[in-house]
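K.L.:
predicted model and sequence follow; I will ask about them next.
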Amino acid sequence: MNSRRNFVAQTLTAGVAAGMTFPVARVFAAAEDTAAPKSGGKTVKPIVISTWNMGIAANEEAWKILSAGGKSLDAVEAGVKVSEADPTQTSVGYGGTPDRDGHVTLDACIMDEKSRIGCVACIEHIMHPISVARLVMEKTPHVMLVGEGALKFALDNGFKKQDLLTEETRKAWQDWLKTNQYSPVIDYRSHDTIGMLALDANGDMSGACTTSGWGYKMHGRVGDSPIIGAGLFVDNEVGGATSTGLGEEVIRCCGTHTVVEYMRNGCTPFEACKLTVERLVRKTPRKMDEVSAGFLALNMKGEYGAYAVRPGYEMAIKMENGKHELVPVEFHKFE
């Protein structure tokens with residue numbers, strides 16, 4: 001378990017003990033600290049933002065393409081592949097936490113400035129589902145392939161089949177089976193995602209989202225990450241959004257599409273994310289101690305923002321000055 005997850009666990013555990021009422025005093029940066037820097041009307045580009053601290057390395061790879069004048073589509077694919085290949089990120093790609101049957105099943109989607117989309121869901125044995133998703137977009141008349149069909153498509157296109165379980169994740173799964181009665185339990189620490197949005201020097205935006213999903217989920221479960229309008233949405237006239245957290249709740253409110261529509265109607269990225277979180281909280285039928293989700297957004301001016309249901313979420317940012325930032329995300333205040 002990485003240190004960020006431990007921190008989230010400690011913070012939320014304290015909140016649960018206090019009846020899930022978080023204090024009005026802000027534990028993390030205020031909204032104005034997570035908003036984009038003032039640009040004086042100038043569009044900030046290129047720029048790339050992504051979820052969590054794993055986004056730092058992912059952004060760095062994407063920046064190599066963006067800073068050389070490359071396309072945002074190439075940048076987001078290359079960026080999230082860093083997380084997919086990192087076995088220490090146990091919620092994405094190689095080394096991802098398996099489902100309750102021990103299968104590492106991956107979900108991913110990609111969307112470009114032309115509203116072209118490609119998605120794969122519940123695919124096994126392929127380290128880079130984001131690249132398979134891009135091929136679905138570019139080589140097929142479809143937008144989503146799933147399960148065995150997605151795997152066959154990947155293998156037919158030169159991808160190599162491999163075991164995605166590491167010794168660490170295999171042992172963790174075996175230990176989990178001993179104490180969880182072969183039943184998945186909602187756990188805010190077991191569903192992280194790398195979502196990325198990039199605006200290139202040409203003023204075009206693309207996005208990518210990839211995950212191994214809810215740890216120890218039922219076999220066949222698919223969350224929001226491969227679903228356009230839930231885990232990811234891009235409109236090159238407005239901007240884009242991506243999400244992380246409990247996918248069932250993000251799907252329920254069509255989260256990222258909702259964020260973009262709020263921006264279309266004049267909201268800043270921060271305001272759009274906040275309003276979407278508030279809608280999610282109002283609409284969920286779950287107990288609130290079971291719900292955790294967050295949204296990141298980027299508009300066509302290069303302004304960014306984020307908001308989450310709970311504390312602990314982070315946004316990684318890299319822009320034209322080459323500076324890297326990891327910004328704590330403002331969160332909902334339960335009354």
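P.N.:
Thanks, I have the structure now.
K.L.:
got the CA positions of stretch 285-303 in CSV?
P.N.:
Extracted in CSV, the C-alpha atoms of stretch 285-303 (Å, rounded to 0.1, in the frame of the first residue of the first chain):
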residue,chain,number,x,y,z
PRO,A,285,-28.3,5.9,-3.0
ARG,A,286,-25.3,4.6,-1.1
LYS,A,287,-24.3,5.4,2.4
MET,A,288,-21.9,8.3,2.2
ASP,A,289,-19.1,6.4,4.0
GLU,A,290,-19.1,4.1,0.9
VAL,A,291,-18.6,6.9,-1.6
SER,A,292,-15.4,8.5,-2.9
ALA,A,293,-14.8,10.2,-6.2
GLY,A,294,-13.0,13.2,-7.7
PHE,A,295,-12.9,15.1,-11.0
LEU,A,296,-10.2,17.0,-12.9
ALA,A,297,-11.0,19.5,-15.7
LEU,A,298,-9.1,21.5,-18.2
ASN,A,299,-10.6,24.2,-20.5
MET,A,300,-9.4,25.4,-23.9
LYS,A,301,-7.7,28.4,-22.3
GLY,A,302,-5.5,26.0,-20.3
GLU,A,303,-7.3,26.8,-17.0
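K.L.:
all strands for the stretch 201-335 of the chain, in order.
P.N.:
Ranges of strands within the stretch 201-335 of the chain are 205-211, 232-235, 239-245, 293-299, 304-308, 314-319, 324-328, based on DSSP state E, counting those that start in this stretch.
K.L.:
quick one: the strands in the stretch 1-150 of the chain?
P.N.:
Under DSSP E, counting those that start in this stretch, the stretch 1-150 of the chain gives strands at 47-51, 106-111, 117-123, 144-146.
K.L.:
hey, C-alpha coordinates of the first one in CSV?
P.N.:
Pointing back at strand 47-51 there. The C-alpha trace of strand 47-51 is given here as CSV (Å, rounded to 0.1, in the frame of the first residue of the first chain):
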residue,chain,number,x,y,z
ILE,A,47,-0.3,21.9,-20.6
VAL,A,48,-1.0,18.5,-19.2
ILE,A,49,-2.9,17.5,-16.0
SER,A,50,-3.5,14.1,-14.5
THR,A,51,-4.7,12.3,-11.3
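K.L.:
now the angle from that strand to strand 324-328?
P.N.:
With axes from the mean of the first three to the mean of the last three Cα atoms, to 10 degrees applied, the angle from strand 47-51 to strand 324-328 works out at 40 degrees.
K.L.:
and for the longest one?
P.N.:
If you take the same axes, to 10 degrees, strand 117-123 sits at 70 degrees to strand 324-328.
K.L.:
lovely, talk soon.
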